[in-house]
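>>> Predicted model and sequence follow; I will ask about them next.
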Amino acid sequence: MKLNLHSRFLLLFGTIFVLGGAAGYQFFVWYADEVVSVLGQRFAERNVLYEKSKILSIVTREVTLAQKMASSPVLKDWVADEPDGKARQRAIAELEDFRGFFRSRSYFFALAASGNYYYNDDSGGHALEAPRYTSDQTEQKDCWIYVTLRVVKDTQLNVDTDRHLGLTKVWINAVVRDGQGNAVAVTGSGVDLSDFIRSAVSSPLGGAANILIDRNGAIQAHQDVSVIDFASVRKAAGKESQSTLFDLLDRPLEADALRRAMASLVAGEHEVQTLELRVQGRRQLTGLVWVPEIQWFVLTMTEPGAGSTSSALPAATLFLPAASLFLAVVLGLVLLGAAIILERSVVRRLARLDLAARSLTEGNARPVLSDNSPDEIGHLTRTFKSMAERIANHTEDLERQVAERTATLEEMAHTDFLTGLLNRRGVVLRL
């Protein structure tokens, strides 16, 4: 079936409508993704600053208590003369007093000279003035004490498992120094790892996750305990392989960008940094801050479009139906307007021209036709009208010539060509 010009134009505009709709949809998806990324970065900045304040509220008090305990003159006197019974009693009483203020209600005290390790918590059941065990710096499970004494200036957090006590905690290690500034003991407390993850790492926002890493990128706290880098202090000192956040990134260039962001935060060039990373195959909008009090970085990772109605990131799918309806209405109005313009400016004028052409073929030498528009159709109409008038004039001239010749022939048939008088046929016709 052949399509007329009107149908062809409608088909063309329908195709344009479909292609324009597809292009508009792709543009909408791209633009929505950009909007979500921008809002996600702002969300990541605010959320990571909030998480930093929350972690500081949990850890700062513990760190301050550990530092205060490390500076206690009573404990320093005991370190100077550990066998002194009275000094030991006063020191144990001091440690017990501090224990009541720690979150985990526990303390530890490790002396460098003797290697004696004292520990107590709410479980009790042992003599307080007797060490739990004596460390040996040649043993890998005890070397954390001596590494801390050697590399830690003041205080450091370390996620580790005490092999003697069978306890896995976020240990707060504070170095005790004598009057000459020599590191002579390590003291502090520990926060239960599951309690720390629940309080500091877990996020109430759906799709958001918090990660804590040290300056080397080693993971110190994560919802997935299997990726945590335990004993980071010992591993870093011994240059052992560590479980780092860089190992979870899919793209090496993003690892370099993360290192640059970490360096700028440590240098104080920025308060917060935002990055877009692909972590284990998933796109993550990441906020990053440096917490100098604990020498760790806090990262908040959020998938674009994830969240709940409380403080959620707007997902493109939420306003996709409205945007699609709006796009369809706009394209529909454009198509309708184009069809009306086409009908008035092209199809209707061509129909008049076609009617005039058919009228001409049916014998109407002078069809009624007028179009003064300066466009191509107007020019074609005027040319056709001029052609029709020329054909009509030529036809009238031919008819006049035929009539004249017919009259001449008729006169010649009834008169004598020499005298001009009626011949026999003429006479008979007259009679």
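Yep, it's here.
>>> When you work out contacts or count neighbours from here on, use the C-alpha atoms and nothing else.
OK.
>>> State the mean pLDDT of the biggest helix by length in the chain.
Across the chain, the helix with the greatest residue count (assigned by DSSP state H) is helix 5-70. Summarised as a single mean, pLDDT over helix 5-70 is 77.
>>> so where's the stretch 201-350 of the chain shaky on pLDDT?
In the predicted model of the stretch 201-350 of the chain, residues 203-207, 304-324, 326-327 satisfy pLDDT under 70.
>>> Helices of that one, start to end?
Counting by DSSP state H, counting those that start in this stretch, residue ranges of the helices within the stretch 201-350 of the chain are 232-237, 252-266, 320-342, 348-361.
>>> Show me how far the second one is from its chain's centre.
So that's helix 252-266. 19 Å (CA atoms, centre = their mean, to the nearest Å).
>>> what's that helix packed up against?
strand 273-279, strand 282-291 (3 or more CA pairs under 8 Å, 6 or more residues apart in numbering; DSSP states H and E).
>>> Spit out the contact partners of Ser373.
His379 (CA atoms under 8 Å, 6 or more residues apart in numbering).
>>> re the thing from before, so which of the helices of the stretch 201-350 of the chain is the most packed in?
helix 232-237 (a mean of 19; mean count of other CA atoms under 10 Å).
>>> one step back: most tightly packed of the helices and strands packed on helix 252-266?
Of the helices and strands packed on helix 252-266, strand 282-291 is the most buried (mean count of other CA under 10 Å), at a mean of 23.
>>> Parallel or antiparallel, which strands does that one pair with?
The sheet places strand 282-291 alongside strand 273-279 (antiparallel), strand 296-302 (antiparallel), with pairing taken from DSSP bridges.
>>> how about those strands, which one is nearest Asp192?
Proximity to Asp192 (CA to CA) singles out strand 296-302 among those, at 17.8 Å.
>>> Identify the residues contacting that closest one?
So strand 296-302 is contacted by 40, 44, 47-48, 51-52, 207-215, 262, 284-291 (CA under 8 Å, 6+ apart).
>>> go on, stretch 218-237?
Residues contacting stretch 218-237 (CA under 8 Å, 6+ apart): 143-144, 147-148, 158-161, 197, 201-202, 209-214, 241-245.
>>> Stretch 374-393 now?
346, 349-350, 353, 360, 365-367, 369-373.
>>> Report the distance from that stretch to the chain centre.
62 Å.
>>> just stretch 192-208 next, same as before
With CA atoms, centre = their mean, you get 23 Å for stretch 192-208.
>>> quick one on the thing from earlier: now distance to Gly332 too, for the helices and strands packed on helix 252-266, in a markdown table please.
Output for those, formatted as a markdown table (distance: least, CA to CA, whole Å):
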| stretch | distance to Gly332 |
| --- | --- |
| strand 273-279 | 38 |
| strand 282-291 | 36 |
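>>> Which among those strands is found nearest to Leu10?
With CA to CA, the closest approach to Leu10 among those belongs to strand 282-291: 43.5 Å.
>>> Contacts for the closest one, please.
37, 40-41, 44-45, 47-49, 52, 262, 265-266, 271-278, 296-304.
>>> What of stretch 349-356?
367-369, 377, 381.
>>> What number of residues are in the vicinity of Asp84?
Per other CA atoms under 10 Å, the neighbour tally for Asp84 reads 12.
>>> Run through the residues that contact the nearest residue to it once chain neighbours are set aside.
If the residues on either side of it in the chain are set aside, Asp84 comes closest to Trp78, at 7.3 Å by CA to CA, 6 or more residues apart in numbering. Applying CA under 8 Å, 6+ apart, we find Trp78 in contact with 84, 87-88, 91.
>>> Kindly report the same for Thr244.
Counted by CA under 8 Å, 6+ apart, Thr244 has contacts 213, 216-219, 229.
>>> can you rerun that using 7 Å?
217-219 (CA atoms under 7 Å, 6 or more residues apart in numbering).
>>> Quick check: the closest residue to it other than its chain neighbours vs Asp247, distance?
Once flanking residues are discounted, Thr244 sits nearest to Ala218: 4.0 Å by CA to CA, 6+ apart. Ala218 is 10 Å from Asp247, where distance means CA to CA, to the nearest Å.
>>> The two: who's more crowded?
Ala218 (24 against 16).
>>> What distance do you get for that one to Asp136?
Taken as CA to CA, the span from Ala218 to Asp136 is 26 Å.
>>> can you check Leu253 too?
Looking at Leu253 against Asp136, where the rule is CA to CA, the gap reads 43 Å.
>>> now do Thr286
42 Å.
>>> can you check Asn116 too?
9 Å.
>>> For Val402, which of the strands paired with strand 282-291 is the nearest?
Per CA to CA, nearest to Val402 of those: strand 273-279, 93.3 Å.
>>> Name the surrounding residues that touch that closest one.
With CA under 7 Å, 6+ apart as the criterion, strand 273-279 contacts 41, 45, 248-250, 254, 261, 283-289.
>>> what about it, distance to the chain center?
9 Å.
>>> Between helix 5-70 and that strand, find me the angle.
Per axes from the mean of the first three to the mean of the last three CA atoms, to 10 degrees, the angle that strand 273-279 makes with helix 5-70 is 110 degrees.
>>> can I get the CA coordinates of strand 273-279 in PDB?
Provided in PDB are the C-alpha atoms of strand 273-279 (Å, rounded to 0.1, in the frame of the first residue of the first chain):
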ATOM      1  CA  GLN A 273      37.400  15.000  50.700                       C
ATOM      2  CA  THR A 274      34.800  13.300  48.500                       C
ATOM      3  CA  LEU A 275      35.600  10.600  45.900                       C
ATOM      4  CA  GLU A 276      33.700   8.300  43.700                       C
ATOM      5  CA  LEU A 277      35.200   4.800  44.000                       C
ATOM      6  CA  ARG A 278      34.300   1.300  42.700                       C
ATOM      7  CA  VAL A 279      34.700  -1.000  45.700                       C
END
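>>> Just give me how far the host helix or strand of Thr395 sits from the chain centre.
Using DSSP states H and E, Thr395 sits in helix 376-414. What separates the centre of helix 376-414 from the centre of its chain is 79 Å, taken as CA atoms, centre = their mean.
>>> of all the contacts of stretch 374-393, which comes closest to Leu335?
Val346 (15.5 Å).
>>> Next, work out how far apart the closest one and Ala338 are.
In terms of CA to CA, Val346 sits 11 Å off from Ala338.
>>> cool, and Gly85?
For Gly85, the distance to Ala338 - CA to CA - is 101 Å.
>>> Show the model's pLDDT score for Leu431.
For Leu431, the model assigns a pLDDT of 80.
>>> Thanks again, I'm all set now.
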